[in-house]
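Undergrad: Build me a model from this:
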Amino acid sequence: MGPWCALWVLLALLRDLRGLTADQALSSSVLRSFQAAQFQGLWFVLGLAGSTHRTVDRSLLSPFTATFELREDSRLEVSYAMIRGRRCVTWSYVLISETQPGKFSVDNSGVPGGDPEEVQVYDTDYTTFALVLSRRQSSDQGILRIYLLCRMWAIQTEVLDKFVCLVRAQGLSDNNIVFPDLTDWSLHPDAC
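TA: As a prediction, the model looks like this:
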């Protein structure tokens with residue numbers, strides 16, 4: 001376990017000792033404030049962990065990007081683009097700001113029967129990395145996803161440590177972490 005992971009685990013334990021549950025302690029944001037204007041722009045999804053993911057799913061995850069755009073109504077529009085075979089697959093949604101810094105609800109108003117989803121920018125330095133949590137309740141199953149976003153196709157060791165520690169702190173294991181399969185990926189990220 002690296003020093004960053006040890007620090008994060010220690011902080012989580014200290015919060016628990018003060019009477020908070022682990023879920024309450026981890027739901028609180030690392031961010032004191034959130035600057036949507038600095039956060040907007042192109043991010044590369046370099047790691048993904050989730051309650052429905054397994055390491056064997058790696059071959060299913062193609063490299064993809066997330067673009068955050070601040071709209072005039074102060075909402076963030078998120079657009080994803082992924083190469084699947086020879087096709088470009090895109091999807092998007094709008095994030096509505098909540099009172100906690102970096103916390104959003106997904107606007108499902110145009111999706112009949114859309115599951116409520118909460119998105120939390122857990123940590124970011126705006127220029128290098130971001131750790132983003134997504135929680136959704138689908139039927140009788142809670143779905144948790146943790147995204148490791150980077151501004152370029154490279155992961156710094158300390159950022160990777162933070163990602164793995166957050167994954168573990170959320171009750172997931174290393175087997176729930178998937179990294180995009182870059183084996184046959186020779187296209188430029190803007191090809192989509």
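Undergrad: what's the first-to-last distance across stretch 107-122?
TA: 19 Å (CA to CA, to the nearest Å).
Undergrad: cool, and stretch 76-92?
TA: From start residue to end residue, stretch 76-92 stretches across 11 Å - CA to CA.
Undergrad: looking only at pLDDT, what's the mean for that stretch?
TA: Mean per-residue pLDDT for stretch 76-92: 89.
Undergrad: Could you list the residues in contact with that stretch?
TA: The list of residues contacting stretch 76-92 from outside it, by CB atoms under 8 Å, 6 or more residues apart in numbering, reads 36, 39-40, 45, 62-71, 93-95, 97, 104, 185, 187, 191-192. Every residue, glycine included, has its C-beta placed from N, CA and C.
Undergrad: again, 7 Å this time
TA: For stretch 76-92, the external contacting residues (CB atoms under 7 Å, 6 or more residues apart in numbering) are 36, 62-71, 93-95, 104, 187, 191-192.
Undergrad: Would you mark the buried spots in that stretch?
TA: Neighbour counts over stretch 76-92 (16 or more other CB atoms under 10 Å) mark 76-78, 80-83 as buried.
Undergrad: And these, which two are furthest apart?
TA: 76 and 83 (23.8 Å; CB to CB).
Undergrad: Partner strands of the helix or strand hosting residue 49, with direction?
TA: Assigned by DSSP states H and E, residue 49 belongs to strand 41-50. Using DSSP bridges, the strands paired with strand 41-50 are strand 64-70 (antiparallel), strand 141-150 (antiparallel), strand 177-178 (antiparallel).
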